[in-house]
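*Asks:* got a predicted model here, sequence first, then my questions.
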Amino acid sequence: MPSPLKIGLIGSRGQLGQELVRRFSEPDLSRKVSLLCLDRPAFDITSPSSLGEIPGAGFDIILNTSAYNAVDRGETEVRECFELNAFAPLLLARACREAGTALLHVSTDYVMSGGIHEEEQIPYPEEAPTRPLSVYGLSKATGERLVTGAWERSWIVRTCGLYGGSGSGQKGGNFVTTMVRLAREGKPLRVVSDQRVGPTAARDLARGIARLVTAPLPFGLWHLTNAGNVSWYEFARRIFELSGLAPDLSPVPLALYRPVAPRSPFSVLSNEKAHRTGIVLPSWEIALADYLERSGLLAGS
Ligand SMILES: NC(=O)c1ccc[n+]([C@@H]2O[C@H](COP(=O)([O-])OP(=O)(O)OC[C@H]3O[C@@H](n4cnc5c(N)ncnc54)[C@H](OP(=O)(O)O)[C@@H]3O)[C@@H](O)[C@H]2O)c1
């Protein structure tokens, strides 16, 4: 039997990280993969001494799910945002190159906006030019370029509207948990109705990533989101329908909501490239119902 693939996972306690741990411990992969979690405080991606350990550690693959993802705060915490999303990934890519270790780095729909895709609401393919609007988006786009420029054996996986577990520690939850919490608190909710996204369950993304790196599929850019797209308002409505909550919910246009960090009204990534290789994530509706059920939030569960 060939020796198991040695995979290092940075950020194993995050939304995506937890689901990757779960996926790699399932019977079909657990014998093929030896997974080592690289977490703070022992491993900090911004620490030169942590990165210095990579070349001698014998990893076949490193998965980097760590990020600065407090999108609105990033407009003022520019240095912190770039450090975690761009400079540390560059140094990680160099360490991987020195070690001959393949690297998977996770990015975001926030690198995209504008052009024909936004005007005509056509999902962005991998080759569409990036046009970030926010500091967060710019830091992630810079990270993508620095990683791919430094190390050709890299996959960059862009995803959108990620939700999993109890949410992101940095964000204090995710869209789904936040909607449920606010509804239970009886707060009136105004949710943006003219921004379309492809919300993605971390569980499905983890399955796609596991497939990408174990197949393995070619290095380069990959878009992986749940299928279909929806406005945040419609997504919220579906959350409440499925969880049996009936808050005072009203739609608000992006122009009136005016988030601190600017957002594109159309942020949907095309999954065609992944579909051609047989990686097909379920629809956002199926993924949402599955997440609510697993979290004990489905009405009647
Ligand atoms: N959330 C979204 O809506 C969204 C959308 C598109 C793309 N993405 C991207 O998807 C990826 C995963 O996001 P997520 O929501 O799973 O993130 P998350 O839940 O916030 O988790 C991030 C993880 O990174 C770790 N981390 C942070 N700083 C670190 C450092 N200096 N050294 C080592 N580890 C560090 C955190 O560790 P601790 O456990 O110590 O805090 C945490 O485990 C990110 O690249 C993000 O940009 C997210």
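*Replies:* Received the coordinates, thanks. Numbering: from 1, shown residues only.

*Asks:* check contacts around residue 30.
*Replies:* residue 24 (Cβ atoms under 8 Å, 6 or more residues apart in numbering). The C-beta positions use only the backbone N, C-alpha and C, and glycine is treated the same way.

*Asks:* show the backbone phi and psi for it.
*Replies:* The phi and psi torsions at residue 30 (degrees, to the nearest 10) take the values phi -60, psi -30.

*Asks:* is stretch 224-242 anywhere near the ligand?
*Replies:* No: Stretch 224-242 lies out of reach of the ligand by Cβ under 6 Å from any ligand atom, never closer than 8.8 Å.

*Asks:* and if you look at stretch 39-55?
*Replies:* Yes: applying Cβ under 6 Å from any ligand atom, one finds that stretch 39-55 is in contact with the ligand at 39, 40, 44, 45, 46.

*Asks:* now list the buried members of those residues.
*Replies:* Among the residues of stretch 39-55 next to the ligand, the ones that count as buried by 16 or more other Cβ atoms under 10 Å are 44, 45.

*Asks:* now render the residues of stretch 39-55 next to the ligand as CSV, adding secondary structure.
*Replies:* Written out in CSV, the entries for the residues of stretch 39-55 next to the ligand read as follows (DSSP: H, G, I helix; E, B strand; the rest coil):
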residue, secondary structure
39, coil
40, coil
44, coil
45, coil
46, coil
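
*Asks:* with pLDDT added, can I get the residues of stretch 39-55 next to the ligand in CSV?
*Replies:* Formatted as CSV, the entries for the residues of stretch 39-55 next to the ligand read as follows, by pLDDT from 0 to 100:
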residue, pLDDT
39, 97
40, 96
44, 98
45, 98
46, 97
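
*Asks:* next, residue 104: secondary structure please.
*Replies:* When the structure is reduced to helix, strand and coil (three-state DSSP), residue 104 reads as strand.

*Asks:* closest to residue 64 out of the residues of stretch 39-55 next to the ligand?
*Replies:* Nearest to residue 64 among these, counting by Cβ to Cβ, is residue 45 at 7.1 Å.

*Asks:* give me the residue from the chain nearest the ligand.
*Replies:* Nearest to the ligand, among the residues of the chain, is residue 14, at 2.2 Å (Cβ to the nearest ligand atom).

*Asks:* quick one: residues contacting that residue.
*Replies:* Going by Cβ under 8 Å, 6+ apart, residue 14 touches 65, 66, 168, 169.

*Asks:* show me which pair in those residues is furthest apart.
*Replies:* Greatest spacing in the contacts of residue 14, by Cβ to Cβ: 65 and 169 (12.3 Å).

*Asks:* tell me the confidence at residue 298?
*Replies:* According to the predicted model, the pLDDT of residue 298 comes to 88.

*Asks:* quick one, phi/psi of it?
*Replies:* Per-residue torsions, residue 298: phi -70, psi 140 (degrees, to the nearest 10).
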